[in-house]
Every structure is written in C-alpha cells, then in structure tokens.
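[1] 3D model of this:
(2 chains)
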There are 2 protein chains.
Amino acid sequence: MNDIITQVAVTGGTHGNESTGVYLVKHWQSHPEEVKRDSFATELHLTNPAAIKTMRRYIDQDLNRQFNLKDLQNPALQGSEQQQAKMINEQLGPKENPRVDFVIDMHTTTANMGMTVVFNSDHPLVIGTAFYIKQKMPDAHLFFQPSDRLEDNFLRSMGRYGGLVIEVGPIPQGLLRHQVSADTHRAVMHALDYLEQYNQGHKPEIPAETTGYRFIEKIPFPVDEHGEIAGMIHPDLQDRDYQPIAPGDPLFITLAGETITYQGEQTVYGAFINEAAYYDRKIGLSLMEKVRIAYPHSKGNDLS
Amino acid sequence: MNDIITQVAVTGGTHGNESTGVYLVKHWQSHPEEVKRDSFATELHLTNPAAIKTMRRYIDQDLNRQFNLKDLQNPALQGSEQQQAKMINEQLGPKENPRVDFVIDMHTTTANMGMTVVFNSDHPLVIGTAFYIKQKMPDAHLFFQPSDRLEDNFLRSMGRYGGLVIEVGPIPQGLLRHQVSADTHRAVMHALDYLEQYNQGHKPEIPAETTGYRFIEKIPFPVDEHGEIAGMIHPDLQDRDYQPIAPGDPLFITLAGETITYQGEQTVYGAFINEAAYYDRKIGLSLMEKVRIAYPHSKGNDLS
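    Predicted coordinates:
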C-alpha cells in the first residue's frame, strides 16, 4: 500500500484577510524542506491572490463556498471567486477525479476557538489525520460535519480523499500572532507526518474514537426595526467557544443592558462566537452538539 | 461665558471597519437623549459611509489623514476619501472657521491599548476634556501630540477648539464587543458632561497635570529579500502596549525562532503593537515617550 498518496496541497489565503495561512505558505515557499516528505509531493498554493492583495475575505463571493461540483461545472458563475474556483479545479482537480490526494487548508477565526480541525469526510485517511493532530495537540477540537465530497463546497473537498481545514483563533483579521502561526505550523506538520507514516505502511496508533462537535444551527444577532444589529455577544458568552450553553443562558446583550437568553431545550455548545466574517449575514454564533467520532476500522482497504 | 460651545459632533465610522463607533452612532440616532445636553447641540455623523458599507478601513485613502487645510483646498485631490473630507468640511467646517466647536471621533484598535484619548491641541477645552475622562476612567491613557489645528490632518481637527479621538482596544476589525462599546460609550458621556459643565461655568476640578505619552517613531516589521514581512511581534511584547521597552528587549520573532531586539539607547513605551491597519505599510508598532501634560491654567480666556 506504499505511496498511494502522491500529492498533498497545503493552501492559505482562501480568505484573503486570514493572514496566518498566507504567511505560512510564503514561509514554506522559502523553506520547502519543512513540508517535504519522502513518500509524497507537497505543493503550496495561495488560493485567492486578489483577496489577499486587498486584505479582504473575498472580492465577490466567499471562495470557500464555490467547490460544489455543480457550481464548478456551471459556466454562468463568473464572479471573481467563482472563476478562481474553476481555476483551482483545473490546478488540483478535476473534482470528479482529482490530481491532488489531500488538501490542508489554513484558516483563522476571530472567535476563541483555539485549534480546530474541521472535516467532513469519514474517509479513514481524513479521520486518522484529524485524530492524530488531536493526539499530538490535545487541546484541539474536532468539528466533523459529514457530507458528500462532490457536494461539499469547501476547498478541502478538492482532494481525492478529502482534506482538512485547520482553523485557529482568536486572531483579528489582517494580522499575525506568533502563537497562532506556531500552532498552525505545528498542526500542518502533524498532518503531513501522519500522511507520511500512513503512506509508508506504519500508521501511528490512534484512538478508536474521540469526542468532537457537529453543527446544529446558526444564531442571528438581535436586530432592530430597521434590520440593524441591536445587540452584542453577552460578556458571559464572549470567548467561551466549546463551553456548554444551557437553556436560559445569556446569548446577547443590548447597549441598554437587556439580556437575551438561549431558548432551546437542550444544552448545546457555542462555536464561531463573534466571528467577524459572519457579521455581513448578521450571525452571532453557531450552536454545536457534542458527538463521538469513530475511526472507521471496518473498511478493509483504507484507500479504496 | 455660558453657551460658548454650541455644536459638538460625535463621529463614527471614519474607518469603516471599526464597527464600535458605527454601532454607537446608530444607537444614539435612536436614543438621542443620551447625547443631549442643555447648553449645546450634539450632532451625530457616520463619516465614511462607503467604507462602512464594504466593511473596509477606507476605499481609496485613509479618511483620517485628509483634513489638512491645504488638502481640503486642493481641487486635484479627488479620491473617495478626499472627496468625502471636502464634504465633511462643508458640513462641519469650513476648517478655517468651523461651524462645529468640538469633535469626538470614535475609533478602535487591534492593539491592547485599553482606553486611549488621542489629542493634539493644547487648548484648555481639549486638555480639560481629556483630563476629565482620565479622572473618571483612571486606566485611560492620554496620547498628546501637539500640532497646529489647520495642519492636523485628522478629523478631530475639524472642531473650532479641536477635539479628541477615543481609541479603544483590543478588538478585531469588523465586529463588536460589549466591553469595548460600553467603555467607548462611557468616555463619550464623560466628554459631553465635561463640555456641558464647562459651558455652564462650573468646570469640574481636574488635576493641574498628568502623565501621558508622545509619539517618537514607527518601527517596521523585519522583511525578507522580497520585501515580505519576515517576523512577527515577539510574544513577550504582544499585548503589552504602554509597557516599557528597554534596549535589548525583544521586538520581533521569526518563525524559525530568531529574536530581533530593540536597538535604541533609551527606555521607551510601545503603542499600536500589532495594529492590523498598519500592515499595509509593514509597521509593527509605535514607540512613545512618557511626558507630563500640564493643564494650561495661564491662559485667561479659555475659549479665546
């Protein structure tokens, strides 16, 4: 089973104002030995150069929502990021039968989410890599959102076996912090190490299952009669990503001091709390549920 | 001397991605009683609507560098913010003889600067307001940079007696945090209260002098041979705005772990450490010196 993975893409700048990934891609372009492994080739991509140049998340559309197969094949979609996604599909894909085997896409968040590995494939290679990162970085959170690779519209879905988003925060958009860069660097090294060992036939011992999170719903900010945001994340919730939110717990506070509480019936967990990128859609946070994620031992040939 | 100040402008969104001021202006537009005072009129302005709409600092140029009298009078300057500054000059000015007496301009920073009041006029009304805010909010820092009002290119200089920048952080661009909004709200209330009491002839007791900071120089990030940023703020310096930086203290660190130290000969103080808005000019931080700021008791008629 050696050398079945031949091409790994490490990508940054999918969102142009998430500078950590941009910095790391440029760093590795000057220090390719850090991402080199014996059993596969690692390629580096700055995936949204126009957005990086203007230090914006995107020019016309969020690039990281353009990789659904139908959208890639739809010639009517000609926005800046829609064209860019088609170009990336030529470079890394085609999506139906990609040249690249695995994608590691580096992101940051303004939310206090620490190290989060976001993945949506139940392929053993993807789950194994995520589990390995968590084994090496025990504070990492796994955010597992199963979906079909061809329907997934994230860049990570451009790998033959899927891929991962490495999402680190809190960090403002448009700047670098040493710890965030160092953590992201470390997570990418672990991912490449896992793929290398897997490829060479001596897959590391990883747990049979672990705890993760699954998305439930997005919670909008309160708005006034003009549709303007009329409340902020409550101080008791701010920076408490992945902590439990029970019915009646505060979600938002208005400047006048009025508290708006969680009206659900179950204890849930917050994530992407006060993420700047979601203000355009007036989203205050995401709610998650805790789940057990199992490594899919049952499959015979992992790379089938 | 009653009612000599008749118009106070409270402004937000001079930088379109510093959302706190935008939020507060909109809040006060719905709750005008909070900014109403008996002895003067308070007017509210969102000063860069195009930048606010696209959640960017600016469209073409930094609006908060366009209010130099010569630039306002230069018809060749036709960028988006240069035109906007001329329109504001018509609304609040003209700068040589402004309609508005005092400007309170609300800003935020990604740096850990807490509450900072930035002013450049030694007019007793300006210094008194700044001292009063510090008296009420003792953790506030005063950043005093004397310059001629007509030459000052900041929006605050559009007031007949000058004005203040209220600068609060740390907060990422493009989002709201309750504490930052509440602190900014409080500082503006104190400023209006001071002007009100001053106007009505019973000026509050304030110290004869206090400690502040004065700008020395901007320190660029280290760059590589391609001019790319090659280091980050050192973890020992990150978030330590207004703390002493002695010769030999760490300023930057590269991803490879190399530390770059301060080479000056005097102990200085950092401010705007890792401010996102300064990355386009590759500025890592500002150096400040501590100064004593005296209230100008000597002048007879404060409003002369």
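
[2] Quick check: beta-bridge partners of the residue nearest to A:T109 when sequence neighbours are not counted?
    Among residues not flanking A:T109 along the chain, A:G169 sits closest, at 3.7 Å (Cβ to Cβ, 6 or more residues apart in numbering or on different chains). All C-beta spots, glycine's among them, are computed from the backbone N, C-alpha and C. With DSSP bridges as the criterion, A:G169 is bridged to A:G114.

[3] A:G169: neighbour count?
    25 (other Cβ atoms under 10 Å in any protein chain shown).

[4] now A:G284
    26.

[5] quick one: it is in a strand?
    Yes: under DSSP: H, G, I helix; E, B strand; the rest coil, A:G284 falls within a strand.

[6] what's around the nearest residue to it once chain neighbours are set aside, how many residues?
    What sits nearest to A:G284 in space, not counting adjacent residues and going by Cβ to Cβ, 6+ apart, is A:F221, at 4.5 Å. Close neighbours of A:F221, defined as other Cβ under 10 Å, add up to 22.

[7] circling back: who are the contact partners of the residue nearest to A:T109?
    Applying Cβ atoms under 8 Å, 6 or more residues apart in numbering or on different chains, we find A:G169 in contact with A:T108, A:T109, A:T110, A:A111, A:N112, A:M113, A:G114, A:V180.

[8] In three-state terms, label the last one for me.
    For A:V180, the secondary structure call by three-state DSSP comes out as helix.

[9] Which residues are in contact with it?
    So A:V180 contacts A:T20, A:T108, A:V168, A:G169, A:I171 (Cβ under 8 Å, 6+ apart).

[10] Tell me, how many residues neighbour the last one?
    Counted with other Cβ under 10 Å, the burial measure for A:I171 works out to 25 neighbours.

[11] A:T108 is in contact with that one, correct?
    Yes: contact between A:I171 and A:T108 holds when scored by Cβ atoms under 8 Å: they sit 4.9 Å apart.

[12] tell me, what's touching the two both at once?
    With Cβ under 8 Å, 6+ apart, A:I171 and A:T108 have common neighbours A:T20, A:V180.

[13] hmm, back to that, just give me the closest of the contacts of A:G169 to chain B.
    Here the nearest of those to chain B, counting by Cβ to the nearest Cβ, is A:T110; it sits at 4.5 Å.

[14] Am I right that that closest one is in a helix?
    No: applying three-state DSSP, one finds A:T110 to be coil, outside a helix.

[15] what sits against it?
    A:G169, A:P170, A:I171, A:P172, A:Q173, A:N274, A:E275, A:A276, A:A277, B:P172, B:G174, B:L175.

[16] rerun that using 6 Å as the cut-off
    For A:T110, the contact set (Cβ atoms under 6 Å, 6 or more residues apart in numbering or on different chains) comprises A:P170, A:E275, A:A276, B:P172.

[17] Can you report how many residues lie near the first one?
    Same thing as A:P170. 20.

[18] in terms of contact, does it touch A:M113 like I think?
    No: look at A:P170 against A:M113 with Cβ atoms under 6 Å: they stay out of range, at 7.3 Å.

[19] Which residues does stretch A:52-70 contact?
    Under Cβ under 6 Å, 6+ apart, the answer for stretch A:52-70 is A:13-17, A:22, A:48, A:50-51, A:79-82, A:84-85, A:95, A:150-151, A:153-155, A:157, A:174, A:277.

[20] one more time with 7 Å, if that's ok
    For stretch A:52-70, contacts defined as Cβ atoms under 7 Å, 6 or more residues apart in numbering or on different chains pick out A:13-17, A:22, A:46-48, A:50-51, A:79-82, A:84-85, A:95-96, A:150-155, A:157-158, A:174, A:277.

[21] Identify the residues contacting the residue of the stretch 201-304 of chain A found nearest chain B.
    Taking Cβ to the nearest Cβ, chain B has its nearest neighbour within the stretch 201-304 of chain A at A:A276, 3.9 Å off. A:A276 sits next to A:T110, A:Q173, B:P172, B:Q173, B:G174, B:L175 when contact means Cβ under 7 Å, 6+ apart.

[22] Since that was my last question, I'll sign off now.
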